[in-house]
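Colleague: got a predicted structure plus its sequence, pasted below:
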Amino acid sequence: MDKASVRVIAVDDKATYSTGQDHSGREVCLIVQTNGPEQASTASCIAVEKFVHSGLTAMASGADPASQVVAHLLPADVDTSALTSVAARREAGVLHQVRSEGSGQLVLQRPNDGLPAVSELPIEGTADTFSFVKFPE
């Protein structure tokens with residue numbers, strides 16, 4: 001991991017979410033660091049040319065199952081409005097699942113959040129779709 005490339009893209013009550021690149025600049029990485037007494041962290045990386053087609057998912061969890069955090073980083077040109085409507089139905093006071101930042105979009109998955117197992121999302125400016133796959137619960 002090239003430490004100079006790491007940028008925090010979101011923080012919520014469960015974790016801090018960052019992106020970065022490997023030393024060659026050929027891989028994009030998603031870093032998840034949980035908050036609380038049982039801090040856990042993970043990093044997941046993928047080649048840039050693969051990221052544009054499949055995105056990137058990372059999961060971190062302490063000993064307590066309630067501490068589990070699943071984050072998906074999607075390319076910026078994927079239309080996530082279908083996922084936003086799911087987030088809007090969540091209880092008041094709970095953070096939304098979709099946040100945009102820079103060249104990617106962060107989708108936060110929570111237990112029983114109503115996200116479908118698979119969503120075909122349009123890619124802006126093309127007739128192609130992006131397959132968003134929810135991490136198994």
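Modeller: Thanks, I have it.
Colleague: which residues in the chain form helices?
Modeller: Counting by DSSP state H, the chain has helices at residues 48-54, 81-88.
Colleague: mean pLDDT for these: which is lowest?
Modeller: With a mean of 63, helix 81-88 has the lowest mean pLDDT of these.
Colleague: helices and strands of the protein: which one bottoms out on pLDDT?
Modeller: Least confident helix or strand of the chain, by mean pLDDT, DSSP states H and E, is strand 98-101 with a mean of 42.
Colleague: what pairs with the closest residue in space to Ser54 that isn't next to it in sequence across the strands?
Modeller: Leaving aside its sequence neighbours, Ser54 sits nearest to Ile46 (CB to CB, 6 or more residues apart in numbering; 7.1 Å). Where you see a C-beta, it was placed from the backbone N, CA and C, and this is true even at glycine. In this structure, Ile46 bridges to Val28 when assessed by DSSP bridges.
Colleague: so Ile46 makes contact with Glu27?
Modeller: Yes: shown here, Ile46 and Glu27 form a contact pair, counting by CB atoms under 8 Å, at 6.2 Å.
Colleague: not counting sequence-adjacent ones, nearest residue to the residue nearest to the spatial centre of the chain?
Modeller: Nearest residue to the geometric centre of the chain (CA atoms, centre = their mean): His72, 2.3 Å. Nearest residue to His72 in three dimensions, chain neighbours excluded: Val107, at 4.3 Å (CB to CB, 6+ apart).
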